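Chemist: Sequence and predicted structure are below.
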Amino acid sequence: MVSYRKRGSVWQYEISYKDTSGKYKKLRKSGFPRKSDAISAAAQLQTNHPNLISFQSGKQIFSDYFEHWINLYKKPTVSNITFIKYQNTLQHAKQLFKGIRLSDLSRTVYQQKINKFAETHSIRTVHTFHKQLKSALLDAFDEKIISIDPTRKTVINGTPPRKQRMTLDYKETKLLVKHLDLNMLEDLVIYVAIVTGMRFAEILGLTPADIDTQNNIISITKTWDYKFNSGFKPTKTKSSQRDIVVDSETIKAIHKFVSHHKIPETNPIFVYNSHSIVSAEINKILSSKLNGLGIARIPFHGLRHTHASILLYSGVNLLSVSKRLGHSNVTTTQQTYLHIIKEMEEQDDNKIIILLQAIK
């Protein structure tokens, strides 16, 4: 229902409508010099926005809409870790789109904000940020809260990824191992990563029951949730469940640590009172040790790559390395360590030539 009235020297229109709760609301606008202008403007509004509830929703601050959207659609359906990523996106959106209403979001405005975000973030981070915002805005577009899709044909940029060293060479690995105190929890964690190639969560998931002291075998059947300390979790994939053969000295070092701290058979070896060190802490400790030895830093996960590289350079079969790492297939191992495989092929070519020459 539309009504018109004169306020002083100008005209005003007033549109009555029901909101989602059934309550009557009013939308007013004044400042029209003639009544016919007010009638024309009200008609135009109703033509362009037959659903006035959606039109009014477009006046929401974008970050407020996104916050409501992630709590309504994402919180009940995604994991805690994934929801934390949505909350991080929300915090960035509050700063980047501060004060901007949904109805004010054009393709130009959205692209400008994405470009601003890209100045200090990697392409991968910008893509994730854009993907989450886009999902919410497409819902707003479907519900006719906004009249256009501001994310259409968005160009994704970002800072170049940093080139990070990911492996130690054989001499550096020996030097690091030589300076580890295996009576210390953090040092033993680093040592186990070097000699097994296990992932950080897999190491934290080890219990005394997983250590076969008779056959020198470590069984990997679970991981530990070090992000939320919620307890044991399944391995990354089914193929990640595996047995790893190690030397007797490694088994003795773990057994000594377990005995000294009187760790029960089913308790995690490297977790105290259900709390473990987190990846940031172990990375900091590893970096400090490498720096003290004059070795360029690598991340903790780089110890897994170091283990695999040493085995491959030593001529260990690719399939054996793949199984030891818990990869789901050999292709994953080939793609990850392609540069090493190519080097090994060149060495094999030289061996073949020498062998053929010796036959003649």
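Modeler: Received the coordinates, thanks. Numbering: from 1, shown residues only.

Chemist: Spell out the residue ranges of the helices in the stretch 51-200 of the chain.
Modeler: With DSSP state H, counting those that start in this stretch as the criterion, the stretch 51-200 of the chain has helices at 52-57, 62-69, 80-96, 107-118, 123-142, 170-178, 185-196, 200-204.

Chemist: okay, the ones you listed, which one's buried deepest?
Modeler: Comparing those by mean neighbour count (mean count of other Cβ atoms under 10 Å), helix 200-204 ranks first with a mean of 25. All C-beta atoms are positioned from the backbone trio N, CA, C, and that covers glycine.

Chemist: Remind me what it packs against, helices and strands.
Modeler: With contacts taken as 3 or more Cβ pairs under 8 Å, 6 or more residues apart in numbering; DSSP states H and E, helix 200-204 sits against helix 185-196, strand 223-224.

Chemist: partners of the last one in the sheet?
Modeler: By that I understand strand 223-224. Strand 223-224 sits in its sheet next to strand 232-233 (antiparallel), going by DSSP bridges.

Chemist: following the strand it pairs with, which helix or strand comes up?
Modeler: Counting by DSSP states H and E, the element after strand 232-233 in chain order, helix or strand, is strand 242-245.

Chemist: Show the average pLDDT along that next one.
Modeler: Strand 242-245 comes out with an average pLDDT of 97.

Chemist: Flag every buried residue along it.
Modeler: Residues of strand 242-245 classed as buried: R242, I244 (neighbour count, 16 or more other Cβ atoms under 10 Å).

Chemist: Make TSV from the helices and strands packed on helix 200-204 and add distance to H261 and mean pLDDT to it.
Modeler: Formatted as TSV, the helices and strands packed on helix 200-204 follow (distance: least, Cβ to Cβ, whole Å; pLDDT from 0 to 100):
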stretch	distance to H261	mean pLDDT
helix 185-196	9	98
strand 223-224	16	96
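
Chemist: Present those as CSV; the columns should include distance to L138.
Modeler: Putting the helices and strands packed on helix 200-204 into CSV (distance: least, Cβ to Cβ, whole Å) gives the following:
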stretch, distance to L138
helix 185-196, 43
strand 223-224, 35
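
Chemist: mind checking which of those is nearest T213?
Modeler: Shortest distance between T213 and the helices and strands packed on helix 200-204, using Cβ to Cβ, is found for helix 185-196: 15.0 Å.

Chemist: I'd like to know which elements that closest one is packed against.
Modeler: In terms of contacts (3+ Cβ pairs under 8 Å, 6+ apart), helix 185-196 is packed against helix 170-178, helix 200-204, helix 248-261, helix 279-292, helix 302-313.

Chemist: Could I get the contacting residues of K134?
Modeler: Shown in contact with K134 (Cβ atoms under 8 Å, 6 or more residues apart in numbering): T151, T154.

Chemist: same check, this time on S314
Modeler: Applying Cβ under 8 Å, 6+ apart, no residues qualify as near S314.

Chemist: tell me the pLDDT at it?
Modeler: If you check S314, the pLDDT there is 89.

Chemist: just to revisit the earlier point, select from the helices of the stretch 51-200 of the chain the stretch with the lowest mean pLDDT.
Modeler: Of all the helices of the stretch 51-200 of the chain, the minimum mean pLDDT falls on helix 52-57 (a mean of 50).

Chemist: Let's test this: mean pLDDT of the helix or strand where H339 lies, rounded?
Modeler: Following DSSP H and E, one finds H339 within helix 338-359. Averaging pLDDT along helix 338-359 gives 77.

Chemist: same thing with stretch 26-45?
Modeler: Across stretch 26-45, pLDDT averages out at 84.

Chemist: buried set for that stretch?
Modeler: Buried residues in stretch 26-45 (16+ other Cβ under 10 Å): L27, F32, A38, A42, L45.

Chemist: Using CSV, write out every CA atom in it.
Modeler: Extracted in CSV, the C-alpha atoms of stretch 26-45 (Å, rounded to 0.1, in the frame of the first residue of the first chain):
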residue,chain,number,x,y,z
LYS,A,26,7.1,1.5,6.4
LEU,A,27,9.4,2.7,3.7
ARG,A,28,9.4,6.5,3.2
LYS,A,29,11.2,9.0,1.0
SER,A,30,10.6,12.7,0.6
GLY,A,31,12.0,15.7,-1.2
PHE,A,32,10.0,15.5,-4.4
PRO,A,33,8.9,18.9,-5.8
ARG,A,34,5.7,17.5,-7.3
LYS,A,35,3.2,14.7,-6.3
SER,A,36,3.7,13.2,-9.7
ASP,A,37,7.4,12.8,-9.0
ALA,A,38,6.7,11.0,-5.8
ILE,A,39,4.2,8.7,-7.5
SER,A,40,6.7,7.9,-10.3
ALA,A,41,9.5,7.2,-7.8
ALA,A,42,7.4,4.8,-5.7
ALA,A,43,6.2,3.0,-8.8
GLN,A,44,9.8,2.6,-10.1
LEU,A,45,10.9,1.2,-6.7
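
Chemist: On the three-state scheme, A42 is what?
Modeler: Of the three states, A42 takes helix under DSSP: H, G, I helix; E, B strand; the rest coil.

Chemist: That one and S147, how far apart?
Modeler: To S147, A42 is 18 Å away according to Cβ to Cβ, to the nearest Å.

Chemist: Could you work out the end-to-end span of stretch 11-25 for me?
Modeler: Distance between the two ends of stretch 11-25: 20 Å, counting by Cα to Cα, to the nearest Å.

Chemist: Packing partners of the helix holding H339?
Modeler: The contact analysis (3+ Cβ pairs under 8 Å, 6+ apart) places helix 338-359 against helix 302-313.

Chemist: what angle separates the helix it packs on from helix 279-292?
Modeler: Orientation of helix 302-313 against helix 279-292 (axes from the mean of the first three to the mean of the last three Cα atoms, to 10 degrees) gives an angle of 60 degrees.
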